[in-house]
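Visitor: my questions are about this predicted structure, shown below with the sequence.
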Amino acid sequence: MTEQGNSAPMALDRADARVKHEAGLGGAVSAFLDRVRSGDLGSLPVVVGLVVIWTVFTSLNPVFVSSSNLVNLLFDCSTVGVIALGIVCVLMVGEIDLSVGSISGFASAMVGTLWVNQGWPVALAIVAALAFGALIGSLYALLFNRLGMPSFVSTLAGLLAVLGMQLYILGSTGSINLPYGSALVDFGQLMVMPKWVSHTLAAIPGLAMLISGLRTFARRRAANLSTPSVAGLILRVAATTIGLELIVAYLNQSRGIPWMFGLFVGLVVAMNYALTRTKWGRSMTAVGGNREAARRAGIKVRAIYLSAFALCSLFAALGGVLAAARLASASQQAGTGDVNLNAIAAAVIGGTSLFGGRGSAYSALLGIIVIQSIASGLTLLDLSSSLRYMITGAVLAIAVIVDSLARRSRASHGRA
Amino acid sequence: MSESPEGSASVGELVLSLRGISKNFGAVSALTDIDFDVHAGEVVALVGDNGAGKSTLVKILAGVHQPSSGTINFRGRAVTLPDPRAALTLGIATVFQDLALCENLDVVANIFLGNELSPLRLDEVAMEMRAWTLLNELSARIPSVREAVASLSGGQRQTVAIARSLLLEPKLILLDEPTAALGVAQTAEVLNLIDRVRARGLGVVMISHNMEDVRAVADRIVVLRLGRNNGVFEPDASNQDLVSAITGASNNSVSRRAERLRAERDQAREQHP
């Protein structure tokens, strides 16, 4: 609405008559279309991609969308997904960590050695593995901050070095079996939420959206700022709640929602809060967007890089522990092969920019579902891993092309 | 254009005092033995040719560069400015020539960058309100504070940068070419704002190439030339004196042309009073 009545008290942020402000539900829709047209795609490409992938695989093999296959999919998503969440952290500040696969492999080897071979309590072994991960990340940050070593190189060196350490501690046996029936392996393979828990958890996001939305509405009106449409909020809340409850109900027809996936989603939500609603997250985005501007604004840029690298390696180690639980073993193969690139690809496919300063924790969740859907679908079609690599590679290439094109379009439309 | 209030120069405490500041970039001496004073409630214009060291001096005061030698006294205490945070904490706010905004963040996030309200649960409503208050004080024309800075024009970005410098209630504001990118109305607004900031008892250092702007608000004009002090002038000093101090020659084509233009202008004024 460009015209404002003269008599009505104008909101503090609606005083400029030149700016188009969309009001109501229709306005929200057309504003969204405007954003997409100018290249601010958000997670739209990945949602579209997911729909396409699921349609194709379902038409080829209906088992793909069976709830038991989807529950397995969620189990598989959680391990690499946690690693991808770490990748989101380093991509946010415009850096990269190529060694997450090795770190996850070493973490699983550490848990296997300390717990099974040395007889440590399992919790202590996990904490030790996580601490090791954070330490490696801090080392990258040290090399980056003090010596100016590009993260591409330092983490490539780390990939080899940590892989060597993994092979060393696993020794001649090459793999350690984790005992079936232990809590860790059950967590990775069996444990699912009771139905009432999953339904309750599925209702929480909508409730949280509603409460925070209404509170924001009240505070903005009290502060004489323009207020978002309540109808739109209620529509979003209803869509979210109904959608999540339906998904949960469908998955509950089979085994139900894995606790491990619950942990993954919990971490994603926590990271999303940290990245968008805290000073630390704001600083991460600023450092990724313009490092010098962030420094001049008084942000401790080195500390931000340290937190990004350390968190990434910490998540990588956690992903490794979960992978060990999922496979009930710590082997020389853990963390090798496509783990590294799947994690990076998941973050990028989900919509986190490789160029820094743009991204969201949810991109790890969406991206890993895409990657695992491809893997699961191709497995169901009984196709070899050679094809899986090629198709995943093509999807990654498309995701990066979309990112680059959207970036160019944003620049020409005056959006960041 | 507003007249500067008479007698405000050298009133108030000495906010900033530099003695013997030098800065070398490798073999290049960007600054040599600079002395520089700013009092509370005073606007000091820093003028000089390209490469005279104005921006380097401002960056030293902002904590971006460290001086090779010399002392900085801020409000009577010898201080060091190892990083921008230290300068901000002391109460030195800077608007850089390249503005130093994050294009991927919106206006509110840029204004509050590094000083967010309630760090663990950002108070977006309070921040947006404060942002609008600051921008309205500057009579700023910003379409929306929730747009990324990438979508703003040069003048709007300048306004955002100035609003940001005022957020922390600083004691000294450094403005590096504050009017270079602005339109007529916005330039007048910024000059008005500088007057208002001075009236609040802050020290202001302003770099500008525009002698008209400088004369409009400055209480003193400090000339740098090739990284050295080259004279301090009153705002009513003649253009020829200023130009010759800036260029280092009393009789060159620039000063002759300035002289000729001034004579023509005076003549024109006599003919059309």
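Guide: Now that the structure is in, tell me what you want to look at.

Visitor: ok, A:Cys77 touching A:Phe264?
Guide: Yes: if you go by CB atoms under 8 Å, A:Cys77 and A:Phe264 touch, sitting 6.9 Å apart. The way it works is simple: take the backbone N, C-alpha and C, and place the C-beta from them, glycine included.

Visitor: so which bits of the stretch 101-250 of chain B are right by chain A?
Guide: B:101-105, B:109, B:113-116, B:119-122, B:124-126, B:128-129, B:132, B:136, B:141-151, B:164 (CB under 8 Å from any CB of the partner chain).

Visitor: ok so, going back, common neighbours of A:Cys77 and A:Phe264, please.
Guide: Common neighbours of A:Cys77 and A:Phe264, counting by CB atoms under 8 Å, 6 or more residues apart in numbering or on different chains, are A:Leu365.

Visitor: correct me if wrong, but B:Gly231 is in a helix.
Guide: No: counting by DSSP: H, G, I helix; E, B strand; the rest coil, B:Gly231 is not part of a helix but strand.

Visitor: centroid-nearest residue for chain A?
Guide: A:Ala364 (2.0 Å; CA atoms, centre = their mean).

Visitor: Three-state assignment for B:Ala45, please.
Guide: Strictly by three-state DSSP, B:Ala45 counts as strand.

Visitor: residues near it, how many?
Guide: 25 (other CB atoms under 10 Å in any protein chain shown).

Visitor: and it, what is it in contact with?
Guide: B:206-208, B:214, B:217-218, B:220-222, B:235.

Visitor: from B:Ser29, how far off is A:Ile53?
Guide: 63 Å (CB to CB, to the nearest Å).

Visitor: do A:Cys89 as well
Guide: A:Cys89 is 43 Å from B:Ser29, by CB to CB.

Visitor: okay, these two: which has more neighbours?
Guide: A:Cys89 (29 against 16).

Visitor: which element is the more buried one on?
Guide: helix A:67-92 (DSSP states H and E).

Visitor: flag every buried residue along that helix.
Guide: Of all the residues in helix A:67-92, those buried under the rule 16 or more other CB atoms under 10 Å in any protein chain shown are A:67, A:69-92.

Visitor: same check, this time on stretch B:196-203
Guide: B:197-198, B:202-203.

Visitor: so how far is the first residue of that stretch from its last?
Guide: Start-to-end span of stretch B:196-203 (CA to CA, to the nearest Å) is 11 Å.

Visitor: now swap in stretch B:80-98 and tell me
Guide: 24 Å.

Visitor: show me what contacts residue 106?
Guide: I went with chain A, as the question did not name one. So A:Phe106 contacts A:129, A:132, A:162-163, A:165-166, A:169, A:317, A:320, A:335 (CB under 8 Å, 6+ apart).

Visitor: let's do chain B instead
Guide: Contacts of B:Asp106 by CB under 8 Å, 6+ apart are B:145-149.

Visitor: hmm, try it at 6 Å
Guide: B:146, B:148 (CB atoms under 6 Å, 6 or more residues apart in numbering or on different chains).

Visitor: check A:Ala107 too.
Guide: With CB under 6 Å, 6+ apart, A:Ala107 has these contacts: A:129, A:133, A:317, A:320-321.

Visitor: 8 Å instead?
Guide: Neighbours of A:Ala107 in contact, by CB under 8 Å, 6+ apart: A:129-130, A:132-133, A:316-321, A:324.

Visitor: where do the strands sit along the stretch 51-200 of chain B?
Guide: B:69-74, B:77-79, B:92-95, B:172-176 (DSSP state E, counting those that start in this stretch).

Visitor: so which of those is nearest A:Arg388?
Guide: Taking CB to CB, strand B:92-95 is the member of those nearest to A:Arg388, at 53.9 Å.

Visitor: what are the contacting residues of the closest one?
Guide: Here strand B:92-95 has contacts from A:296, B:16, B:58, B:61-63, B:74, B:81, B:84, B:87, B:158, B:161-162, B:164-168, B:170-176, B:178, using CB under 8 Å, 6+ apart.

Visitor: show me which of these are buried.
Guide: Among these, the ones that count as buried (16+ other CB under 10 Å) are A:296, B:16, B:58, B:61-63, B:74, B:81, B:84, B:87, B:158, B:161-162, B:164-167, B:170-176, B:178.

Visitor: cool, thanks, signing off.
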